[in-house]
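[1] using only what follows, build the 3D model:
(6 chains)
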Protein chains: 6
Amino acid sequence: MATVEMVEYEEAGPEVRAVYDEIMAKKDIDWVPNIWKAFGSHPPLLRDVWESLQETMKPGRLDPLTKEMIAIAVSVTNGCEYCIHSHVAQARKLGMDDEMLGEVMAVTGAFNRTNALANGYQVEVDPPIRNAAKG
Amino acid sequence: MATVEMVEYEEAGPEVRAVYDEIMAKKDIDWVPNIWKAFGSHPPLLRDVWESLQETMKPGRLDPLTKEMIAIAVSVTNGCEYCIHSHVAQARKLGMDDEMLGEVMAVTGAFNRTNALANGYQVEVDPPIRNAAKG
Amino acid sequence: MATVEMVEYEEAGPEVRAVYDEIMAKKDIDWVPNIWKAFGSHPPLLRDVWESLQETMKPGRLDPLTKEMIAIAVSVTNGCEYCIHSHVAQARKLGMDDEMLGEVMAVTGAFNRTNALANGYQVEVDPPIRNAAKG
Amino acid sequence: MATVEMVEYEEAGPEVRAVYDEIMAKKDIDWVPNIWKAFGSHPPLLRDVWESLQETMKPGRLDPLTKEMIAIAVSVTNGCEYCIHSHVAQARKLGMDDEMLGEVMAVTGAFNRTNALANGYQVEVDPPIRNAAKG
Amino acid sequence: MATVEMVEYEEAGPEVRAVYDEIMAKKDIDWVPNIWKAFGSHPPLLRDVWESLQETMKPGRLDPLTKEMIAIAVSVTNGCEYCIHSHVAQARKLGMDDEMLGEVMAVTGAFNRTNALANGYQVEVDPPIRNAAKG
Amino acid sequence: MATVEMVEYEEAGPEVRAVYDEIMAKKDIDWVPNIWKAFGSHPPLLRDVWESLQETMKPGRLDPLTKEMIAIAVSVTNGCEYCIHSHVAQARKLGMDDEMLGEVMAVTGAFNRTNALANGYQVEVDPPIRNAAKG
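    Got it, this is the predicted structure:
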């Protein structure tokens, strides 16, 4: 159960309803997902997150599926239940099958392991790697 | 400074040296990165991590650059200094430029934000999203 | 379902019951919240956490509501379901409404994003900031 | 050392320079902090983070110092070195002394402990707390 | 609800079934736990995780119960519901009672607190500690 | 550089000095580690953390080395530089060698991986595991 009352479309003021309309149009659905109805309880947050995500997720040098797979990796690492379901669903819509999901998981799992190990041994960055990272 | 003495190639036993040789051959370098020299202090870990990573990072449905960008997203979310440098360096070698890195960062940052927000409002997964996630 | 049997008031020994009594008196409730009943399975932990929290949460330079909002921010960042509900409930009792919660969430979300970005780009602390932080 | 070349004011294009100018004006400083110079490598990220933060940090129901103390709590929980220094410096400028910082730390530390404990015992949210959280 | 269809024994191909057989034999159970049935959706991951865990968890300088208690501490710190239940169950089978679990929790909680505090104050490692850590 | 001025023994008031004396006596050293000198800037925190840790780390059902190895696992998972060095140093003093450290790391790394995977696939806890966890 959420920590706030979902703001339903019917009860929303015009500012919130305008964002809900954009969301439904963009996602081509006729209902408002719960996360946006939660943000509806604080209109400036709703507007800011929606606009910022539009900017971030628009087609760029990375294609939409790659962006969604990165979103999965982040959400898995943070253990966010809503986000994992949401981004896996979105990635499947963009063509990800179980094998591709398996590879995303394998990579995400592998580096959660090596991240811990590199931290654990407090490994210092090799100068050639440091230089190569800077580009 | 690391929490263990790096095991240099010259002082390594044959089991460790064999893995070091594989690493240098695979990466086409003539030196052993620090993380592997740290693992050299515990040969079973060195062997297991190396073999498991080979399995995980081999060409599959995701291309090597996509896998490295996912590795960056995980390492950034965990805040692992060594890993961030290492995977950014590797991704640059595979063709990632500042604009692509910028998009990886933008996506990684964005979902660290929304992960927190979805957790904060304890948003329940919408049934259609739950079903779509299952594939 | 918890990983331990809750220790109910009726079955608790005198040491545990004494802490339960303090908790109910302090919080002005006539029931023991689950977290304390879980700690009841290990009396030294129950006593230590209760006493330490009393010390930490007592009126100081920060008022109780500010302390609870910081508790929300920490619990959201860690994704702790029980803690988020508990601290949001407590903060509401102290006067936090949806708009204030929205601001807590907005700030918490924003800095989970910039934390990731600062880590991702491995930004070095500017010397003037370093000095100003030291006070 | 950062994973990207800082974009200095002198070499920045007009789009980046415009944001740098806003940042310096807003913060009343005559230099650009490193985090913004890192974001300068990807102008859309620079613009989006700056605008979103302006929205989030503007005076609201929470005063600026409270917002900065929440930012400290988040940054401490995530272990972000740059962010901790930056927000402690900013909070000190707004009047936070060592005793207030000590209370922010005490609260942040305390709930990192109880978050772990509530997760560890997998404590179920008490129905009265669940209801009270919803407001 | 999982983000993938569990692969049941009956519908599994020979590669997956072989690992399931090893798991049930090793654990002396006649059913396959959900985590392995989820990995069954991506056979290379199933094989790699199983083999790597066998290597990691085999009797060594640390006894099996100590290894499981470390697994609990990690899972609690990450807030992984499935993992906490799984490792607590396994540790109980190896002899851990509520008092021992209480000590694991107390230690895990305590250092989640001091980790936050050491990060928060950005404490520098004392040279004698740095040297002693290196061994 | 820390976010607070270290409080040296010479300049400390009697309340802080008393805790410093206890710390040096207990640890059998003639200097005060930095973390305690940072806490010295907020005496109630210094007193509370020291007393709580004494309670937590005293000999119990788990021996001191096991407690330190759990502390390492937590600190590694959180990526706390100071804490990792401090607990590895302490564990080495209690007899941990590189091979034992290697096993702690291997276990810590392994479950950071499986934690991510269990979260990623949103695996539901098997009822027999749930029951066995409860004891």
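[2] list the contacts for A:Lys58?
    Going by Cβ atoms under 8 Å, 6 or more residues apart in numbering or on different chains, A:Lys58 touches no other residue. Where you see a C-beta, it was placed from the backbone N, CA and C, and this is true even at glycine.
[3] domain ranges for chain A?
    Following automatic domain parsing, one finds the domains of chain A at A:1-58, A:61-122.
[4] does the last one come close to chain D?
    Read that as domain A:61-122. No - using Cβ under 8 Å from any Cβ of the partner chain, domain A:61-122 stays clear of chain D, with a minimum separation of 10.0 Å.
[5] doesn't B:Ile129 make contact with A:Ala89?
    Yes - taking contacts as Cβ atoms under 8 Å, A:Ala89 lies within contact range of B:Ile129: 4.9 Å.
[6] more neighbours: which of those two?
    More crowded of A:Ala89 and B:Ile129, by other Cβ atoms under 10 Å in any protein chain shown: A:Ala89, with 22 against 19.
[7] does chain C sit close to the lengthiest helix in chain A?
    For chain A, the longest helix by residue count, based on DSSP state H, is helix A:98-120. No - Helix A:98-120 lies out of reach of chain C by Cβ under 8 Å from any Cβ, never closer than 11.5 Å.
[8] please apply the same query to stretch A:12-29.
    No - Stretch A:12-29 stays clear of chain C (Cβ under 8 Å from any Cβ), getting no nearer than 12.0 Å.
[9] buried residues in that stretch?
    In terms of neighbour count (16 or more other Cβ atoms under 10 Å in any protein chain shown), stretch A:12-29 has its buried residues at A:12, A:16-17, A:19-20, A:23-24.
[10] try stretch A:27-38
    By 16+ other Cβ under 10 Å, the buried positions in stretch A:27-38 come out as A:32-38.
[11] residue in chain A nearest to chain C?
    Closest contact between chain A and chain C, by Cβ to the nearest Cβ, is at A:His42 (2.5 Å).
[12] residue contacts, that residue?
    Contacts of A:His42 (Cβ under 8 Å, 6+ apart): C:98-99, C:101-103, C:105-106.
[13] show me which of those residues is closest to chain E.
    Of the contacts of A:His42, the one sitting nearest to chain E (Cβ to the nearest Cβ) turns out to be C:Met105, at 19.0 Å.
[14] tell me which stretches of chain A form helices.
    Counting by DSSP H, chain A has helices at residues A:14-27, A:34-39, A:43-57, A:64-78, A:81-93, A:98-120, A:127-134.
[15] ok now the first one, how far from the chain's centre?
    The one in question is helix A:14-27. Offset of helix A:14-27 from its chain centre (Cα atoms, centre = their mean, to the nearest Å): 19 Å.
[16] report the central residue of chain A.
    Closest residue to the average C-alpha location of chain A: A:Ala71 at 4.2 Å, with Cα atoms, centre = their mean.
[17] my read: it touches B:Gly109, true?
    No - the criterion here is Cβ under 8 Å, and A:Ala71 misses it with B:Gly109 at 11.1 Å.
[18] what's near enough to touch the nearest residue to A:Arg61 once chain neighbours are set aside?
    In space, A:Arg61 comes closest to B:Met100 once its chain neighbours are excluded; the distance is 4.7 Å by Cβ to Cβ, 6 or more residues apart in numbering or on different chains. Going by Cβ under 8 Å, 6+ apart, B:Met100 touches A:61-62, B:69, B:91.
[19] just the buried ones from those?
    Buried by 16+ other Cβ under 10 Å: A:62, B:69, B:91, out of these.
[20] nearest to C:Val7 among the residues you listed?
    Nearest to C:Val7 out of these is B:Met69 (Cβ to Cβ; 48.7 Å).
[21] what pLDDT is listed against that closest one?
    pLDDT, B:Met69: 98.
[22] how about it, what does it touch?
    By Cβ under 8 Å, 6+ apart, the residues touching B:Met69 are A:62, A:66, A:70, B:91, B:96, B:100, B:104.
[23] again, 6 Å this time
    Counting by Cβ atoms under 6 Å, 6 or more residues apart in numbering or on different chains, B:Met69 touches B:91, B:104.
[24] please tell me how far it sits from C:Glu103.
    Noted for B:Met69: a distance of 33 Å to C:Glu103, by Cβ to Cβ, to the nearest Å.
[25] state the distance from the closest residue to A:Glu103 other than its chain neighbours to A:His42.
    Distance criterion Cβ to Cβ, 6+ apart; nearest residue to A:Glu103, sequence neighbours excluded, is B:Leu62 at 4.7 Å. Shown here: B:Leu62 relative to A:His42, a distance of 37 Å by Cβ to Cβ.
[26] now do A:Ala89
    As defined by Cβ to Cβ, A:Ala89 lies at a distance of 25 Å from A:His42.
[27] and A:Phe133, how close does it get to B:Met96?
    Actually, residue A:133 is Ala rather than Phe. Computed with Cβ to Cβ, the distance linking A:Ala133 and B:Met96 is 11 Å.
[28] typo on my end, A:Pro33
    Applying Cβ to Cβ, the value for A:Pro33 to B:Met96 is 32 Å.
[29] and A:Leu46, by the same measure?
    Distance from A:Leu46 to B:Met96, counting by Cβ to Cβ: 33 Å.
[30] and the buried ones among the contacts of B:Met100, which is closest to C:Thr3?
    For these, the closest approach to C:Thr3 (Cβ to Cβ) belongs to B:Met69, at 36.9 Å.
[31] so what's the closest residue in space to A:Gly13 that isn't next to it in sequence scoring on pLDDT?
    Once flanking residues are discounted, A:Gly13 sits nearest to A:Pro43: 7.5 Å by Cβ to Cβ, 6+ apart. Predicted confidence (pLDDT) for A:Pro43: 98.
[32] any idea how far A:Pro43 lies from E:Asn119?
    From A:Pro43 over to E:Asn119 (counting by Cβ to Cβ), the distance is 34 Å.
[33] same deal with A:Asn112?
    Separation of A:Asn112 from E:Asn119 (Cβ to Cβ): 19 Å.
[34] what's the answer for A:Trp36, then?
    33 Å.
[35] cool, A:Lys58 as well?
    According to Cβ to Cβ, A:Lys58 and E:Asn119 sit 35 Å apart.
[36] about what we covered before: looking at the contacts of B:Met100, which is nearest E:Val7?
    B:Met69 (28.4 Å).
[37] what separation do you get for the closest one and D:Cys80?
    Taking Cβ to Cβ as the measure, B:Met69 falls 21 Å from D:Cys80.
[38] just A:Asn119 next, same as before
    From A:Asn119 to D:Cys80 the distance is 14 Å (Cβ to Cβ).
[39] again, but for A:Gly109
    Distance from A:Gly109 to D:Cys80, counting by Cβ to Cβ: 24 Å.
[40] which one's more surrounded, these two?
    Just comparing A:Gly109 and D:Cys80: by other Cβ under 10 Å the higher neighbour count belongs to A:Gly109, 29 against 24.
[41] what sits against the residue lying closest to A:Thr108 once chain neighbours are set aside?
    Distances taken as Cβ to Cβ, 6+ apart put A:Ala73 closest to A:Thr108, at 4.5 Å, once the chain neighbours are dropped. Counting by Cβ under 6 Å, 6+ apart, A:Ala73 touches A:108, B:70, B:73-74.
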